[in-house]
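**Student:** Requesting a structural model of the entry that follows:
(4 chains)
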There are 2 protein chains.
Amino acid sequence: MTRTRPARRGRPRGTSTRELELIALRLFTEQGFHETTIEQIAAAAGVSTRTFFRYFDAKASVLWHTFDNEVEAIRSALASAPDDLPLMDAVRHAVLAANHYRAADVPELRMRMNLVATVPEIAASATVRYDAWERAISEFVGRRVGQPPDALFPHAVGRATLAACRAAYERWAARADADLSVYLDAALRALAGGFSEPLPEPGAGAERTANGSATGTP
Amino acid sequence: MTRTRPARRGRPRGTSTRELELIALRLFTEQGFHETTIEQIAAAAGVSTRTFFRYFDAKASVLWHTFDNEVEAIRSALASAPDDLPLMDAVRHAVLAANHYRAADVPELRMRMNLVATVPEIAASATVRYDAWERAISEFVGRRVGQPPDALFPHAVGRATLAACRAAYERWAARADADLSVYLDAALRALAGGFSEPLPEPGAGAERTANGSATGTP
DNA sequence: GCCTTTTCGGCATGCTGTGACAAATATAGG
DNA sequence: CCTATATTTGTCACAGCATGCCGAAAAGGC
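**Tutor:** Numbers count the residues shown, from 1 in each chain, chains lettered A, B, ... in the order given. Below is the predicted model of the structure:
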C-alpha cells in the first residue's frame, strides 16, 4: 500500500483505476459495452489509450476492480470460523459477512450486475474472478475435511456455493424488493438442504426495503 | 436438417464445422491457443479466414460445437422423468444419462477439457454455453415446483448442478482413474445431500478402468 | 542545475471480427 | 447447350483490441 505516501518520486499519475472504473461504468451503461471504445474512456479521463492498458489488462477488466475485496473478506471470515460450526453454516455466514454493502454503494453495485447479466462478453470475463472466489471456499473446505482444495468434494462445494450466490445476485438485481442478504441467505440455505424442499420466493411477503438497499439484517 | 439432401443448389462447401473443429483442437493442443491464428486453422482446412467466421462467430467457439448435443440430451431425459422421482434424483439421472460417451470419443473429450481448464480465454467462452445447460435444469425444476425458471430456487438449482458437474469434469480430467460417471454421480449425490458429509475421493479404492473410458456403469 | 525515478504518449504491429461485393460452382429448366 | 437461380467462397477494406518499444514529460533528491 503506497496510499500513505503521496510524495512519490516520479511523474504523477494522470488518472486512477477508480476514476477509469467510474467513467467506464457510466459509458457502458449509457451507450453499451460494444459501442464504447477504449479511446472514449481514456479521453474522458484525460489520458491516452496506451495508458488505459497500463491500468487494466483488458477492456472488461475495468469492472472487476472492486471484486477482489470481497474475496479477501470471505477469506478472513472463513479463517476465523469456529471449528464446531457446521461446514455449510460457516460458509453461509462468511458469504453474508462479506456482502454487507453500504446503501450508498448499492446503485453502483446494481449497475455492475446489470452489465454482467446483460453483456455476454462481460459475463465471460467474470470466470477468472470467480475462480478466485471459489478457491477461497475450496481451501477452507479442504482444511476442514483434510483434503487438497482441488479434490472433488472441496472443489464441488466451492463451485456450488458461488453458483447459488450468483443465482441470488441475479435474482436480487432483477427484482430489488428486499435486501441482498435475504436472497443470499435463502439460496445458501436451500443449497445446504440439498434442494430437497422448494423455496418460496423471497420478498413476496417481506417488508420492502427502500430501493433494495443491502445494509444487512437490522 | 439438410443432411438427407446432399444435392443442394449452389456452390458446395469447402469444409465443415466438424473438420474445422478437429483441426483447431489439434493445433490448439500442439502449439497453444494464442499461438494458433485463425489463418492457420483456415489454411489447414483449405479455406480463407473469412470463411472461418462464416462457420463460427469467434475463435473459441470452434470448441463448443459438440456441447449443444449434451444440452439436448439432458432436456429430453428430464422431459421423460417420472413425477414421483425426487427432484435431485431426476436431475442426477438425467445428467448421467446425457454423459455416456463411447470410449473412442474420450480422448477428444479430454483434449477439450484440458484446453478449457488451461486457457482462460476458452474458459471464459464457456459461460454462454453453460447458461443453456443450466437453463435446461432450471426449466425442469420450475415446472416441478410451479415457479418461473428464473425464480431463485430453480435458478439456484440449475447453477449449482452445473457447478457440481464442472467440479466432477475437471477432477476426472485431472486424474482419469475412473469413469466420468463415477465422478458425476459422487458430486451430484454430495450436492443433493447438502454437502453435509465429506465425500471420499472416487477412484481411490475403485478398480481402474483402462484410460479412463467413460462408458457408464457396467 | 543535474540525476534518478516513474509515468505518459506516440508509433508500429499483429490478430480478431465484420460489412460489402464480385467470383465460383452447383442445380433446375427451357 | 445455355441461361437463370441459389449458395458458398474469396478479396478487400476497416475498426477495435492488445502489446512491445522508445523517447519525452514531470516529479523529487542531491
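**Student:** Could you pull out the buried residues of the helix or strand hosting A:A117?
**Tutor:** Under the criterion DSSP states H and E, the helix or strand holding A:A117 is helix A:106-118. In terms of neighbour count (16 or more other CB atoms under 10 Å in any protein chain shown), helix A:106-118 has its buried residues at A:106, A:109-116. Any C-beta I mention is one placed from the backbone N, CA and C, and that applies to glycine too.
**Student:** So in chain A, which helix runs the longest?
**Tutor:** Taking DSSP state H as the assignment, the helix of chain A that covers the most residues is helix A:120-145.
**Student:** What parts of chain A come near DNA strand C?
**Tutor:** Residues of chain A that fall close to DNA strand C, judged by CB under 7 Å from any atom of the strand: A:8-15, A:46-48, A:50-51, A:54.
**Student:** possible to save the buried residues of helix A:106-118 as JSON lines with distance to chain B?
**Tutor:** As requested, the buried residues of helix A:106-118 are exported to JSON lines (distance: CB to the nearest CB, whole Å):
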{"residue": "A:V106", "distance to chain B": "19"}
{"residue": "A:L109", "distance to chain B": "18"}
{"residue": "A:R110", "distance to chain B": "17"}
{"residue": "A:M111", "distance to chain B": "20"}
{"residue": "A:R112", "distance to chain B": "16"}
{"residue": "A:M113", "distance to chain B": "14"}
{"residue": "A:N114", "distance to chain B": "15"}
{"residue": "A:L115", "distance to chain B": "14"}
{"residue": "A:V116", "distance to chain B": "10"}
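**Student:** Now pLDDT too, for those, in a markdown table please.
**Tutor:** Below are the buried residues of helix A:106-118 laid out as a markdown table (pLDDT from 0 to 100):
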| residue | pLDDT |
| --- | --- |
| A:V106 | 89 |
| A:L109 | 91 |
| A:R110 | 91 |
| A:M111 | 93 |
| A:R112 | 93 |
| A:M113 | 92 |
| A:N114 | 92 |
| A:L115 | 95 |
| A:V116 | 94 |
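**Student:** Run through chain A and note the low-pLDDT ranges.
**Tutor:** Scanning chain A for pLDDT under 70 picks out the ranges A:1-7, A:203-218.
**Student:** Tell me which stretches of it form helices.
**Tutor:** With DSSP H as the criterion, chain A has helices at A:17-31, A:38-45, A:49-55, A:67-79, A:87-98, A:106-118, A:120-145, A:152-175, A:180-192.
**Student:** tell me the angle the fourth one makes with helix A:152-175.
**Tutor:** Between the direction of helix A:67-79 and that of helix A:152-175, the angle (axes from the mean of the first three to the mean of the last three CA atoms, to 10 degrees) works out to 130 degrees.
**Student:** Helix A:67-79 and chain B in contact?
**Tutor:** No: Helix A:67-79 lies out of reach of chain B by CB under 8 Å from any CB of the partner chain, never closer than 14.7 Å.
**Student:** Can you name every helix or strand that that helix contacts?
**Tutor:** Packing partners of helix A:67-79 (3 or more CB pairs under 8 Å, 6 or more residues apart in numbering or on different chains; DSSP states H and E): helix A:87-98, helix A:120-145.
**Student:** likewise the first one?
**Tutor:** For helix A:17-31, the elements it packs on are helix A:38-45, helix A:49-55, helix A:106-118, judged by 3+ CB pairs under 8 Å, 6+ apart.
**Student:** Check the offset of the second one from the chain's centre.
**Tutor:** Mean C-alpha position of helix A:49-55 versus that of the full chain (CA atoms, centre = their mean, to the nearest Å) differs by 24 Å.
**Student:** Which positions within it qualify as buried?
**Tutor:** A:52, A:55.
**Student:** could you check whether it is close to DNA strand D?
**Tutor:** Yes: using CB under 7 Å from any atom of the strand, helix A:49-55 reaches DNA strand D at A:50, A:53.
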